[in-house]
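> predicted model and sequence follow; I will ask about them next.
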Amino acid sequence: MQLSDSMITALIGATATFVSAMFQLYVNARRQAAERKAGKPASSKSGTWLSIFALMLAAAVGGYAAAEYKNSREREADALIRQEMQTRLRDIGDAAVRLERVGQQKNEQADIDDKLAAERRRGAEGVVALISLPPCAGGPGAPETPAGCNEAGALRASVCATIPAAATVTEVQYFSKTDDSAKPWPESRVQIGQDAGGVKFVDALYERPQADAKEVCQRFIDWDSQKARQARILVKYTL
């Protein structure tokens, strides 16, 4: 431990006073012993009292130095305790921050897992896309009469369902019926290339990328001159 300047001064003063007092007492003791040996009465010198006073002073100064030393040790111990407490508080604060981050990460991961699970359920159930086309009024170059409608001059459109960009299509179901039909969709299912009364799905399935998703599309043609027709697809996928 490093001693303070006041403590060092007190210790030096106490040591010097104590040594001086002891030397005076030693000299006086030698003198009195010589006088007694010579048969003279021992004289009472004021130096003896001065030496005793010096010893008392040295004890007082030494006591002060000891007290100062004790206080210094206590101050040092307090400083160490404060430093330890500050270190512990910093550790607790850091631990709290880490726990908060871990909690946030867990919450974020839980949200991601929930969204992924919901998206997977959506993919298993399938995403629906639906369009409606009016009755055919004749193809290019044909008269504007229902009789001019044929497959070559059919109305053409694409039915597109939007799914996640990372999804993999596992199944596509196709449906078609007239606008005024009350038939349930499951009973209106058709196949690619199947003539369903003046309408059919044609060509291969294709995809169109979007910003953070993609469209899965199927071409549909309509040459029904009597009624408007609906085309519907159900796209299932996995993630």
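That came through, no problem. What you are looking at is a predicted structure, and each value in this text was computed from that prediction instead of being measured.
> hang on, residue 127 packs against residue 234?
Yes: under the contact definition of CB atoms under 8 Å, residue 127 touches residue 234, with a separation of 7.3 Å. C-beta coordinates here come from the backbone N, C-alpha and C atoms, glycine included.
> poorly predicted segments of this protein, please.
Applying pLDDT under 70 to the chain picks out residues 1-8, 10-11, 13-14, 16-18, 21, 39-70, 138-148.
> and if we set it to 80?
For the chain, residues meeting the criterion pLDDT under 80 lie at 1-76, 100, 103-104, 106-107, 137-148.
> in it, which spans are strands?
With strands called from DSSP state E, the chain shows them at 127-133, 155-164, 168-178, 189-190, 199-209, 213-222, 229-238.
> still on that earlier bit, what residues are shared contacts of residue 127 and residue 234?
Overlap of the contact sets of residue 127 and residue 234 (by CB atoms under 8 Å, 6 or more residues apart in numbering) consists of residue 161.
> so of the strands of the chain, which one's packed in deepest?
Ranked by mean neighbour count, those are led by strand 229-238 with a mean of 22 (mean count of other CB atoms under 10 Å).
> counting by contacts, list what that one packs against.
Using 3 or more CB pairs under 8 Å, 6 or more residues apart in numbering; DSSP states H and E as the contact criterion, the secondary-structure elements in contact with strand 229-238 are helix 46-125, strand 127-133, strand 155-164, strand 168-178, strand 199-209, strand 213-222.
> got the angle for the last one vs strand 168-178?
Taking axes from the mean of the first three to the mean of the last three CA atoms, to 10 degrees, one finds strand 213-222 and strand 168-178 inclined to each other by 30 degrees.
> which helices and strands does strand 213-222 pack with?
Using 3+ CB pairs under 8 Å, 6+ apart, strand 213-222 sits against strand 127-133, strand 155-164, strand 168-178, strand 199-209, strand 229-238.
> right, and those - which one's nearest residue 33?
When these are compared for distance to residue 33 using CB to CB, the nearest one is strand 155-164, at 112.8 Å.
> just checking: what are the partner strands of that closest one?
Under the criterion DSSP bridges, strand 155-164 sits next to strand 213-222 (antiparallel) in its sheet.
> and for the strand it pairs with, what's in contact with it?
131, 133, 136, 151, 154-165, 167, 169, 172, 174, 176, 192, 198-203, 205-208, 229, 231, 233, 235.
> now do 7 Å
Counting by CB atoms under 7 Å, 6 or more residues apart in numbering, strand 213-222 makes contact with 133, 136, 151, 154-165, 169, 172, 174, 198-203, 205-208, 229, 231, 233, 235, all of which sit outside it.
> ditto for stretch 92-105
Stretch 92-105 has contacts (CB under 7 Å, 6+ apart) with no other residue.
> could you dump that stretch to CSV, C-alpha only?
Output of stretch 92-105 as CSV, limited to C-alpha atoms (Å, rounded to 0.1, in the frame of the first residue of the first chain):
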residue,chain,number,x,y,z
ILE,A,92,-25.3,-6.8,-14.3
GLY,A,93,-26.0,-4.1,-16.9
ASP,A,94,-24.2,-6.0,-19.6
ALA,A,95,-26.0,-9.2,-18.7
ALA,A,96,-29.3,-7.4,-18.8
VAL,A,97,-28.5,-6.1,-22.3
ARG,A,98,-27.5,-9.6,-23.4
LEU,A,99,-30.7,-11.1,-22.0
GLU,A,100,-32.8,-8.4,-23.7
ARG,A,101,-31.0,-9.1,-27.0
VAL,A,102,-31.5,-12.9,-26.5
GLY,A,103,-35.2,-12.3,-25.7
GLN,A,104,-35.6,-10.1,-28.8
GLN,A,105,-33.8,-12.7,-31.0
